[in-house]
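*Asks:* Just to be clear, the model below is a prediction. Sequence and coordinates:
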Amino acid sequence: DAKMTLVFGTLNRQGIKDQEAQARYLQLHCAITLGLEDADRTISLASQLFDHASQDVHKGYSHGYLGRAFLIKAQYDQAIEHFQKALPIMLENLAPEHGDVANAYNNLGIAYDRRGSYAEAIAYYEKALAIYLKLGPESANVSAIYNNIGMAFDNKGETQKAIDYYKESLAIKMKTIGPKHPDVATTYNNLGLAYAKINDPKRAVAYLEKCLEINVKAFGEEHPAVGLACANLGDVYDQNGLYDKAIEFYNAALNVKLKTLGPDHPDILSIYVLLANAYGNKGSYDEAIEIRRRILDINLNKLGPEDQNIGIAYNDLGLAYDNKGDHPQAIAHYNKALAIYFKKLGSEHPNVGITYHNIAFSFGNKGDHEKAVAYFGRSLPIKVKNLGSEHPDVATNYHYTGLAYKNKGDHDKAIEWHEKALAINLKNLGPENSTVAIDYSEIGDSHHQKGTYEKAISCYEKSLAIQLKILGPDHPDTKRTNNNLALARRRSNQP
């Protein structure tokens, strides 16, 4: 950055002899300010380039620079607008297989990707890829596009396709820059996280360990890339129940980040959150509470007592007490969170709905099912208003309200609420989903308790058919449903 700033100052002192030279001068300035991530300066220079353009293609480059500046500012619609203006200019003034035409397609892919429009992103990436492949099938541009397409599929939830593209990118990098380059480590990281998503922890750990090894050799043990690799390994171990290993790697990540970023950096808090979760998952509730209190103290010192993040910290501390079984302390902390949310966010903010839901859980765990029903009832309209009446979180609210009524012994109400959950889940998830199987099973349980065995059997049979197909005969949920079905048949005198 220092070198680029020096060049920028030198260029500012140069004289401009003609319009063509001025256009080249402004293009070079734009490239430098983009490298410095100075979006506002880039926008100013790119606008001047547009005004002084001696050729139409310079206007295309101007729109390209403007689009990239708005990407830095995370203003994706404006970025797309400029990239869409750049593309036809490039197509009209350059050969259809020119590298800058490919760049224009790639820029559109990046903008749509960051906006979350993954299908559109992939379509543009593939157009860029077709050109880059003709210009050089093993170039850095081809490798980068394979990686971009992989990330778009990853974000879209099509993880196996993402893995295929990451491997295409990796193969080129291995040939062109060698197996020990940090860019290879980046692809190993992407592959590791992708394998973690499809529940292949062995491959996930293998790729993430390769990433860590390269980064340690390239940068040393106290580099942010090393901290990130350690945190990602911790995530995989945590997801697979190896909590001691997760805590080991989270602590390694924490040590790196404390040395490289300092104790006040936001990433430090994120590692503390991961550590607290891992201790909670392990059942070490006192350690989890201690770390949650540390997070709260850090936020109080930085933000003051009424910031919404303090509310989140109180809510999370409440969850830690809930996990420990200390429900009065949990409810007390949830109420502290609510007081802040009411004041800073209003009574219908999603955080209020989440905290009502948590309070309902606490009362249910205490055995106060009447209050559990009441707080689930407070949470529901907030979720419906913010998420819509058919959102999965609304179905979850219906499900737990049904459980609260079941625990109260009001099986008619339990059936009513579980049927509402079932209707949403069938629509959102389809008929062969494990959540749908749970809904059928819960409805079956309430019919079983009521003595309406025929209806119970029908629900258990539907649940069992799904579980056998998706989970297999040895899964605990399948075995439970099979046992309940057999008991209901005996009680109804069915064979």
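*Replies:* Cool, got the structure.
*Asks:* Quick check: the gap between Arg114 and Glu120.
*Replies:* 12 Å (Cβ to Cβ, to the nearest Å). Yep, even glycine has a C-beta here, placed from its N, CA and C like the rest.
*Asks:* joint contacts of the two?
*Replies:* Shared contacts of Arg114 and Glu120 (Cβ atoms under 8 Å, 6 or more residues apart in numbering): none.
*Asks:* in this protein, which residue is closest to the centre?
*Replies:* Asn155 (8.2 Å; Cα atoms, centre = their mean).
*Asks:* low-confidence ranges in the chain?
*Replies:* 1-18, 495 (pLDDT under 70).
*Asks:* now the strands for it?
*Replies:* Counting by DSSP state E, the chain has no strands at all.
*Asks:* Phe337 against Gly318, yeah?
*Replies:* Residue 337: Ala, not Phe. Yes: in this structure, Ala337 is within contact of Gly318 by Cβ atoms under 8 Å, at 6.8 Å.
*Asks:* Now do the shared contacts for those two.
*Replies:* With Cβ under 8 Å, 6+ apart as the test, Ala337 and Gly318 both reach Thr355.
*Asks:* if I look at the residue lying closest to Ile247 once chain neighbours are set aside, how far off is Leu485?
*Replies:* Excluding the flanking residues, the one nearest Ile247 by Cβ to Cβ, 6 or more residues apart in numbering is Ala278, at 5.1 Å. According to Cβ to Cβ, Ala278 stands 38 Å off from Leu485.
*Asks:* Neighbour count: these two, which is higher?
*Replies:* Ala278 (27 against 21; other Cβ atoms under 10 Å).
*Asks:* tell me the contacts of the more buried one?
*Replies:* 234, 238, 243, 246-247, 250.
*Asks:* same thing with Val101?
*Replies:* Counted by Cβ under 8 Å, 6+ apart, Val101 has contacts 87, 90-91, 94-95, 131.
*Asks:* just checking, Ser434 touches Pro476?
*Replies:* No: at 11.9 Å, Ser434 and Pro476 do not qualify as touching, with contact defined as Cβ under 8 Å.
*Asks:* quick one, which of those two is more surrounded?
*Replies:* Ser434 (16 against 9).
*Asks:* Identify the residues contacting that one.
*Replies:* By Cβ under 8 Å, 6+ apart, the neighbours of Ser434 are 466-467, 470-471, 477.
*Asks:* if we take those residues, which one ends up nearest to Tyr65?
*Replies:* Checking those against Tyr65 with Cβ to Cβ, the nearest one is Ile470 at 50.6 Å.
*Asks:* measure the nearest residue to that closest one once chain neighbours are set aside to Thr481 for me?
*Replies:* Once flanking residues are discounted, Ile470 sits nearest to Ser434: 5.5 Å by Cβ to Cβ, 6+ apart. Using Cβ to Cβ, Ser434 is found at 11 Å from Thr481.
*Asks:* Repeat that for Ala337.
*Replies:* Distance from Ala337 to Thr481, by Cβ to Cβ: 37 Å.
*Asks:* neighbour-wise, which of these two wins?
*Replies:* Thr481 (28 against 25).
*Asks:* my guess is that one meets Ser463, correct?
*Replies:* Yes: at 4.9 Å, Thr481 counts as touching Ser463 under the criterion of Cβ under 8 Å.
*Asks:* shared neighbours, the two?
*Replies:* Common neighbours of Thr481 and Ser463 (Cβ under 8 Å, 6+ apart) are 437, 441, 444.
*Asks:* from the residues you listed, which ones fall inside helices?
*Replies:* 437, 441, 444 (DSSP state H).
*Asks:* number of nearby residues for the second one?
*Replies:* For Ser441, the tally of surrounding residues (other Cβ under 10 Å) stands at 23.
*Asks:* Not counting its neighbours along the chain, what's nearest it?
*Replies:* Counting by Cβ to Cβ, 6+ apart, the residue nearest Ser441 is Ser463, at 4.2 Å.
*Asks:* And Gly227, by the same measure?
*Replies:* Nearest to Gly227 is Val256, by Cβ to Cβ, 6+ apart, at 3.5 Å.
*Asks:* picking up where we left off before, and the shared contacts of Thr481 and Ser463, which is closest to His181?
*Replies:* Nearest member of the shared contacts of Thr481 and Ser463 to His181, counting by Cβ to Cβ, is Ala437, at 47.1 Å.
*Asks:* ok now do the closest one, which residues does it touch?
*Replies:* Contacts of Ala437 by Cβ under 8 Å, 6+ apart are 462-464, 466-467, 470, 477, 481.
*Asks:* ok, now with 6 Å
*Replies:* Residues near Ala437 by Cβ atoms under 6 Å, 6 or more residues apart in numbering: 463, 466-467.
*Asks:* close enough to count as contact, Leu380 and Thr396?
*Replies:* No: Leu380 is beyond contact range of Thr396, at 10.4 Å (criterion: Cβ atoms under 6 Å).
*Asks:* what about the nearest residue to Phe342 once chain neighbours are set aside, neighbour count?
*Replies:* Distance criterion Cβ to Cβ, 6+ apart; nearest residue to Phe342, sequence neighbours excluded, is Val352 at 7.2 Å. Using other Cβ under 10 Å, Val352 has 21 neighbouring residues.
*Asks:* how close does Val352 get to Ala95?
*Replies:* From Val352 across to Ala95, the span is 58 Å (Cβ to Cβ).
*Asks:* ok, which stretches of the stretch 201-350 of the chain are helices?
*Replies:* Under the criterion DSSP state H, counting those that start in this stretch, the stretch 201-350 of the chain carries helices at the ranges 201-219, 224-239, 243-261, 266-282, 285-303, 308-324, 327-344, 350-366.
*Asks:* the inter-axis angle of the last one versus helix 327-344?
*Replies:* Pointing back at helix 350-366 there. With axes from the mean of the first three to the mean of the last three Cα atoms, to 10 degrees applied, the angle from helix 350-366 to helix 327-344 works out at 160 degrees.
*Asks:* what about helix 350-366, distance to the chain center?
*Replies:* 24 Å (Cα atoms, centre = their mean, to the nearest Å).
*Asks:* now swap in stretch 457-467 and tell me
*Replies:* On Cα atoms, centre = their mean, the centre of stretch 457-467 falls 33 Å from that of its chain.
*Asks:* How about stretch 221-231?
*Replies:* The answer for stretch 221-231 is 20 Å, by Cα atoms, centre = their mean.
*Asks:* Identify all contacting residues around it.
*Replies:* With Cβ under 6 Å, 6+ apart as the criterion, stretch 221-231 contacts 211-212, 215-216, 219, 249, 252-253, 256-257, 259-260.
*Asks:* For these, which two are the farthest from each other?
*Replies:* Cys211 and Lys259 (19.7 Å).
*Asks:* Comparing these two, which residue is more hemmed in?
*Replies:* Per other Cβ under 10 Å, whichever of Cys211 and Lys259 has more neighbours is Cys211, with 27 against 13.
*Asks:* okay, now Glu442: neighbour count?
*Replies:* Glu442 has 23 neighbours, counted by other Cβ under 10 Å.
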